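A.B. asks: The following comprises the amino acid sequence and a computationally predicted model.
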Amino acid sequence: MFGLDAFHLARIQFAFTVSFHIIFPAITIGLASYLAVLEGLWLKTKNPVWRSLYHFWSKIFAVNFGMGVVSGLVMAYQFGTNWSGFSQFAGSITGPLLTYEVLTAFFLEAGFLGVMLFGWNKVGPGLHFFSTCMVALGTIISTFWILASNSWMQTPQGYEIVNGQVVPVDWFAVVFNPSFPYRLLHMSIAAFLSSALFVGASAAWHLLRGNNTPAIRAMFSMALWMTLIVAPIQAMIGDMHGLNTLKHQPAKIAAIEGHWENPPGEPTPLLLFGLPDMEQERTRFGLEIPALGSLILTHSLDKQVPALKEFPKEDRPNSTIVFWSFRIMAGLGMLMLLLGVVAVWLRYKKRVYSSRPFLWFALLMGPSGLIAILAGWVTTEVGRQPWVVYGLQRTKDAVSAHGDLHMSVSLLAFFVVYTSVFGVGYSYMVRLIKKGPQAHETFATESDGRPARPLSAVTELKEKP
């Protein structure tokens, strides 16, 4: 397909499935905690606004959660079908870590999800709130184990290699490897930020259409406060994560910066824009700020950042990709911070709910968190290349022995199935969002006394033009 061999098709296939999947957990993590906050506010104040928002977002959460589970199962199977070399080499570590996720997070979520979605009038308010909190906790625990596994692939520790296979010797070191704390915080905060922008964009859409109800105003206000608080925290965590990456994966940082060589005694400039050329070993049309690279990455004006030419060609990540994926992520992060700051100014002016340019800004920023997550994962995973386990196993040694035709057909099948199945899911969530929270919505019982279903809104939506 398109002149690509089975190895590159396998990489594209995994990247495709990961890109689809990661959107769902990101929204699930944020919405689960958001629902816990909404229900807590409802129990404390008995304000019907919080209840209507809870029932509205619980429907969207249910659809999103289901699609996340399905897309995640496909990824797990790919480790055996397309990356058997990796499973054979490192399965003794990644296998147990993924098992711990199922035994702790998934079982916790599955055990309480039914009560959360169907038990509003079937159990007491305390138990229902507890179930919502347990689902939210389950999403965080799931993030913990997934990031532990992926972080170990980035900065492996606590192992020995016996007969060509990785053997764990210190599980504490395996889980709490050098990059894990930074990556766990970075991803968790990114999920909360993405969900806040998602919620804020939904409210902005309704406000632009004149739907200025207390519920819409409340969720818009909450989303903007969350953005203002979390965006600067994410920037600080990102800085610490960058310093950790510089220490443990210097080639990745060099590729991100498009930095090829260090003239003796000169601090490293920061390249704002440019076109890294892997063949010519230079960044063309570079726009740089002298010494700023050293200041950001080493917090000094005299230390130099490692350059790509200091590493063998076969060990260099593709700078052309990660140079721009990182800048997309960082640029969107700056816009998120701007959104929060402008919101504070408009609150002072009492125009935060009426300024149409600002509402359009908030609406357009809706997908920015998810785009930034995708760009960040591209930076992380492409920047790790050519290693699948950094410094231990190359990606070319991890792929299964499939033919070009087999991988082409399976990739095409994934594209068709994912686009159709998850496209329907996306469309349904958009229709739910357009419906908006309803003041009369109680999510209580159907006419025969059974608990109302999260997807019962299908009938209501069909009845509307």
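C.D. replies: Received, thanks. Residues are numbered from 1 along each chain as shown.
A.B. asks: Where does pLDDT dip in this protein?
C.D. replies: Applying pLDDT under 70 to the chain flags residues 1-3, 439-465.
A.B. asks: 80 - rerun?
C.D. replies: Scanning the chain for pLDDT under 80 picks out the ranges 1-4, 70-77, 79-80, 106, 265, 403-404, 438-465.
A.B. asks: May I see the domains of it written out as residue ranges?
C.D. replies: According to automatic domain parsing, the chain comprises the domains 11-177+402-460, 200-389.
A.B. asks: immediately after the helix or strand hosting residue 30, which helix or strand?
C.D. replies: Assigned by DSSP states H and E, residue 30 belongs to helix 6-45. Sequence order places helix 48-81 as the next helix or strand after helix 6-45, per DSSP H and E.
A.B. asks: then the next helix or strand after that next one to PDB, C-alphas only?
C.D. replies: Later in the chain than helix 48-81, the nearest helix or strand by DSSP H and E is helix 84-101. Only the C-alpha atoms of helix 84-101 are listed here, as PDB (Å, rounded to 0.1, in the frame of the first residue of the first chain):
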ATOM      1  CA  SER A  84       4.800 -10.400  18.800                       C
ATOM      2  CA  GLY A  85       8.500  -9.700  19.000                       C
ATOM      3  CA  PHE A  86       7.800  -7.000  21.600                       C
ATOM      4  CA  SER A  87       5.400  -9.300  23.500                       C
ATOM      5  CA  GLN A  88       8.000 -12.100  23.600                       C
ATOM      6  CA  PHE A  89      10.800  -9.700  24.700                       C
ATOM      7  CA  ALA A  90       9.000  -7.500  27.300                       C
ATOM      8  CA  GLY A  91       5.700  -9.300  27.900                       C
ATOM      9  CA  SER A  92       6.800 -10.300  31.400                       C
ATOM     10  CA  ILE A  93       6.600  -6.700  32.400                       C
ATOM     11  CA  THR A  94       3.900  -5.100  30.200                       C
ATOM     12  CA  GLY A  95       1.600  -8.100  30.600                       C
ATOM     13  CA  PRO A  96       1.300  -7.900  34.400                       C
ATOM     14  CA  LEU A  97       1.000  -4.100  34.300                       C
ATOM     15  CA  LEU A  98      -2.000  -4.300  32.000                       C
ATOM     16  CA  THR A  99      -3.400  -7.100  34.100                       C
ATOM     17  CA  TYR A 100      -3.200  -4.900  37.200                       C
ATOM     18  CA  GLU A 101      -5.200  -2.300  35.300                       C
END
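A.B. asks: who does the next helix-or-strand element following helix 84-101 touch, helix- and strand-wise?
C.D. replies: Sequence-wise, the next helix or strand downstream of helix 84-101 (DSSP H and E) is helix 107-118. Helices and strands touching helix 107-118, by 3 or more C-beta pairs under 8 Å, 6 or more residues apart in numbering; DSSP states H and E, are helix 48-81, helix 125-154. To be clear about C-beta, it is placed using only N, CA and C from the backbone, and glycine gets the same treatment.
A.B. asks: Now the element after the last one, going C-ward?
C.D. replies: Later in the chain than helix 125-154, the nearest helix or strand by DSSP H and E is strand 159-162.
A.B. asks: Paired strands for that following strand, with orientation please.
C.D. replies: Strand 159-162 sits in its sheet next to strand 165-168 (antiparallel), going by DSSP bridges.
A.B. asks: Tell me the buried residues in the strand it pairs with?
C.D. replies: Within strand 165-168, the residues scored as buried using 16 or more other C-beta atoms under 10 Å are 166, 168.
A.B. asks: Which strands and helices lie in contact with the helix holding residue 30?
C.D. replies: Applying 3+ C-beta pairs under 8 Å, 6+ apart, we find helix 6-45 packed against helix 48-81, helix 125-154, helix 180-208, helix 368-384, helix 404-435.
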